[in-house]
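> Generate a structure from the sequence data that follows.
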Amino acid sequence: MANKIRASHILVERHKLAVEIIDRIQSGEDFKELAKQYSTCPSKKRGGDLGEFGRGQMVKEFEKAAFALQPGEMTKEPVKTKFGYHIILRTK
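Presented below is the predicted three-dimensional model:
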């Protein structure tokens, strides 16, 4: 089990928008470009890149979803936290 992973995310306020963005990524649009365009997180400047993080550093719902992904895999459904809805892409 990985102690540290690297992930990117797109954070939006509405579930419906998160679902639309997931569909666009699955249709071939670029995750980083959509992060820059839509994410409300400051990480959007880096295409959503959050860097490396370990367990206990992110809110529980986000951590559970991110650590469940394989490198290169993205969440199929938005992950709800107190910050909004996340689309998470595990990059390492």
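> which parts of the lengthiest strand in the chain are buried?
When the chain is parsed with DSSP state E, its longest strand is strand 4-12. For strand 4-12, the buried set under the neighbour-count rule, 16 or more other CB atoms under 10 Å, comprises 5, 6, 7, 8, 9, 10, 11, 12. Bear in mind the C-beta positions are built from the backbone N, C-alpha and C, glycine included.
> how much space is there between the residue lying closest to the fourth one once chain neighbours are set aside and residue 41?
Taking CB to CB, 6 or more residues apart in numbering, and ignoring the residues beside it in sequence, residue 8 has residue 48 as its nearest neighbour in space, at 3.8 Å. From residue 48 across to residue 41, the span is 7 Å (CB to CB, to the nearest Å).
> overlap in contacts of the two?
Common neighbours of residue 48 and residue 41 (criterion: CB atoms under 8 Å, 6 or more residues apart in numbering): 9, 10.
> Which of those two has more residues huddled nearby?
Neighbours per residue, other CB atoms under 10 Å: of residue 48 and residue 41, the larger number sits with residue 48, 26 against 17.
> Would you confirm that that one contacts residue 38?
No: Residue 48 is beyond contact range of residue 38, at 9.6 Å (criterion: CB atoms under 8 Å).
> any shared contact partners between those two?
By the contact definition CB under 8 Å, 6+ apart, residue 48 and residue 38 are jointly contacted by residue 10.
> In contact with the closest residue to residue 41 other than its chain neighbours, which residues?
The spatially closest residue to residue 41, leaving aside those adjacent along the chain, is residue 11, at 4.2 Å (CB to CB, 6+ apart). Contacts for residue 11 (CB under 8 Å, 6+ apart) come out as 39, 40, 41, 83, 84, 85, 86.
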